[in-house]
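Please work out how this folds:
(one chain, ligands or ions: 1)
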Amino acid sequence: MKSIVILISGRGSNMEALLAAGLPARIAAVIGNRPDAKGLATAAAQDVATAVVDHKAYGTRAEFETALAAEIDRHRPDLVVLAGFMRVLGDDFVRRYQGRMMNIHPSLLPAFPGLHTHRRALEAGVRIHGCTVHFVTPSLDNGPIIIQAAVPVRADDDEKSLAARVLAQEHVIYPQAVRWFVEGRLFLGADGRVLLDGAGIPEGALLVPAPEQSGATLRALAESG
Ligand code: GRF
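Numbering: from 1, shown residues only. This next block holds a predicted model:
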């Protein structure tokens, strides 16, 4: 059975979704870079091992990342899952876990990398927004896309309502991506392409939730051809 280490910085709702998903994998540890990350208590309450590698305790990013890598490697994970981990990671760290580290980002990448994605989506007036799980490569919020979910942006949306609609889908696609990986079906090919079951991206790697979850807008669009 493959094992996973999850990195968090705060609330940890994606981590919780992963713990609840009944994945055929061992969750070896949840590691936070902030001692007060709420998700650490949630994980501990479920008897998952937790650790803190506090970035503030290190003088440089390189020192922090050396300590973080040592803590991760102690658990010998097959996969490192960034679940709301809010530190930018250096190239050496990223290369160390190339092809076995994933991230979730609250936008339809490559649109809106970085922070405040929901506010920026509203400002840009996009009609479709969503979330992306990708393998992590050295450039920020970029990297081979594994799965995306799309949600409509409604006329009366504010940042909060849009974030909630996207987050509900994050909790669906992240467990799916991790499941593919731990089942040994998902790989990052040498050419940087994502392979599922030995081939390119399947239909299931785009999720457009049912109208009752995401509003009637998408259905209306589809029906009007
Ligand atoms: C999520 O929206 C995730 O996409 C982003 O940070 C947020 C973390 O939320 N990277 P949580 O800690 O998983 O609840």
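
how about the strands of the chain, start to end?
Under the criterion DSSP state E, the chain contains strands at 2-8, 25-32, 50-52, 79-82, 101-105, 128-135, 145-152, 186-188, 194-196, 206-207.

Let me know which of those is the nearest to the ligand.
With CB to the nearest ligand atom as the criterion, the ligand lies closest to strand 101-105 of the strands of the chain, at 4.4 Å. For every residue, glycine as well, the C-beta is placed using N, CA and C.

pretty sure Ala205 contacts Ile146?
Yes: taking CB atoms under 8 Å as the definition, Ala205 is a contact partner of Ile146 at 6.7 Å.

These two: which is more packed in?
Comparing Ala205 with Ile146 by other CB atoms under 10 Å, the one with more neighbours is Ile146, at 25 against 20.

The most centrally placed residue in the chain: what's it in contact with?
The residue lying closest to the centre of the chain (CA atoms, centre = their mean) is Ile104, at 2.0 Å. Neighbouring residues of Ile104 by CB atoms under 8 Å, 6 or more residues apart in numbering: 14, 82-84, 131-133, 170, 173-174.

give me the beta-bridge partners of it?
Bridge pairing for Ile104 (DSSP bridges) gives the partners Val133.

What separation is there between it and Gly32?
16 Å (CB to CB, to the nearest Å).

Ok, Leu167 next?
Between Leu167 and Gly32 the distance is 19 Å, computed by CB to CB.

okay, these two: which has more neighbours?
Gly32 (26 against 18).

what's the pLDDT at that one?
Reported pLDDT at Gly32 in the predicted model: 98.

do the same with Leu207
Here, the pLDDT recorded for Leu207 equals 81.

what pairs with it across the strands?
Beta bridges link Leu207 to Ala149, judged by DSSP bridges.

switch to numbering from 40
All right, first residue 40 from here; so that's Leu246.

Can you report how many residues neighbour it?
Neighbourhood size, Leu246 [other CB under 10 Å]: 19.
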